[in-house]
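Undergrad: build the 3D model from these lines:
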Amino acid sequence: MGSIGFLGILLAFIGILIVGLIGVVLWGIGVNNNLVALRNRFKNAFAQIDVALQRRYDLIPNLVNVAKGYMKHEKDTLEAVIQARNSAFSAAKSVAGDPADPEAMKKLKEAESQLTGSLGRLMAISEAYPDLKADSQMTALMEELTSTENKISFARQAFNDAVTRYNTAREVFPSSIIAGFRNFQEAELFEVDNAEVKKAPNVSFE
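TA: Coordinates of the predicted model:
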């Protein structure tokens with residue numbers, strides 16, 4: 001009887017251990033799936049930013065071409081805008097391929113900062129060209145550019161909210177164990193670093 005009793009206890013212990021292990025495995029799977037879902041959510045959120053960014057990149061060459069007809073002595077400024085646009089376009093393509101890549105996002109933020117700075121200088125110089133300000137095509141382009149900038153701002157906020165939720169989920173204990181084991185890297189926010197970059201070019205063409 002003693003040996004049978006011991007065997008029963010042993011089997012019960014093994015049963016509890018197996019149930020516990022199954023519970024841990026199921027918990028790990030649940031955490032992993034939640035992190036995947038949160039990561040996919042911010043990746044999808046970046047798709048909305050990408051649409052607006054691509055529209056912005058399409059508008060800029062048209063804007064520069066119109067300005068070129070009036071600002072013949074501002075060649076360096078116009079070329080700087082196009083170069084900054086091309087760099088930002090390339091950086092955005094890299095991030096679109098993998099929004100979870102923090103290095104790609106850092107390069108996009110830097111490129112976008114340079115582009116916005118170049119656009120700001122162009123808009124400031126354009127104040128000295130009243131004929132350019134009166135051009136109906138330039139006015140229409142500026143209105144659409146401003147609208148696009150606003151869309152980028154709203155989409156960026158949604159993306160940053162999704163990234164924050166993901167980063168929080170991967171950092172809290174004990175989920176951080178699964179995040180480290182499964183190599184869920186910290187995602188980079190799509191932020192702007194100064195007040196000048198945060199606002200869209202604000203030039204009145206009235």
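Undergrad: please enumerate the helices of the chain.
TA: Secondary structure of the chain (DSSP state H): helices at 2-68, 75-97, 102-126, 130-134, 136-171, 175-181, 195-198.
Undergrad: for the ones you listed, which one sits closest to Ala187?
TA: Closest to Ala187 of these is helix 136-171 (Cβ to Cβ; 4.6 Å). Any C-beta I mention is one placed from the backbone N, CA and C, and that applies to glycine too.
Undergrad: now the angle between helix 2-68 and the closest one, please.
TA: 160 degrees (axes from the mean of the first three to the mean of the last three Cα atoms, to 10 degrees).
Undergrad: count of residues packed around Arg56?
TA: 24 (other Cβ atoms under 10 Å).
Undergrad: lowest-pLDDT helix or strand in this structure?
TA: Here the helix or strand of the chain ranked lowest by mean pLDDT, DSSP states H and E is helix 195-198, holding a mean of 44.
Undergrad: excluding covalently adjacent residues, which one is nearest to Arg41?
TA: Ala162 (4.9 Å; Cβ to Cβ, 6 or more residues apart in numbering).
Undergrad: gap between that neighbour and Ile152?
TA: Using Cβ to Cβ, to the nearest Å, Ala162 is found at 16 Å from Ile152.
Undergrad: and of the helices of the chain, who's closest to Glu188?
TA: Closest among the helices of the chain, using Cβ to Cβ: helix 102-126, at 3.8 Å.
Undergrad: now for that closest one, which elements pack on it?
TA: helix 2-68, helix 75-97, helix 195-198 (3 or more Cβ pairs under 8 Å, 6 or more residues apart in numbering; DSSP states H and E).
Undergrad: and it, what's its mean pLDDT?
TA: Averaged across helix 102-126, the pLDDT comes to 93.
Undergrad: got the buried residues for that helix?
TA: 104-105, 107-109, 111-120, 122-123, 125-126 (16 or more other Cβ atoms under 10 Å).
Undergrad: how far does that helix sit from the chain's center?
TA: Its chain's C-alpha centre and that of helix 102-126 lie 15 Å apart, by Cα atoms, centre = their mean, to the nearest Å.
Undergrad: and stretch 179-192, end to end?
TA: Stretch 179-192 has an end-to-end distance of 27 Å (criterion: Cα to Cα, to the nearest Å).
Undergrad: cool, stretch 92-111 as well?
TA: Stretch 92-111: ends 9 Å apart by Cα to Cα.
Undergrad: can you name the residues in contact with that stretch?
TA: 39, 42-43, 46-47, 50, 53-54, 57, 84, 87-88, 90-91, 159, 185-193 (Cβ atoms under 8 Å, 6 or more residues apart in numbering).
Undergrad: about what we covered before: residues contacting the residue nearest to Arg41?
TA: Contacts of Ala162 (Cβ under 8 Å, 6+ apart): Leu38, Arg41, Phe42, Ala45.
Undergrad: can you list those residues in JSON lines and add pLDDT?
TA: Conversion of these to JSON lines gives the following (pLDDT from 0 to 100):
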{"residue": "Leu38", "pLDDT": "95"}
{"residue": "Arg41", "pLDDT": "96"}
{"residue": "Phe42", "pLDDT": "95"}
{"residue": "Ala45", "pLDDT": "95"}
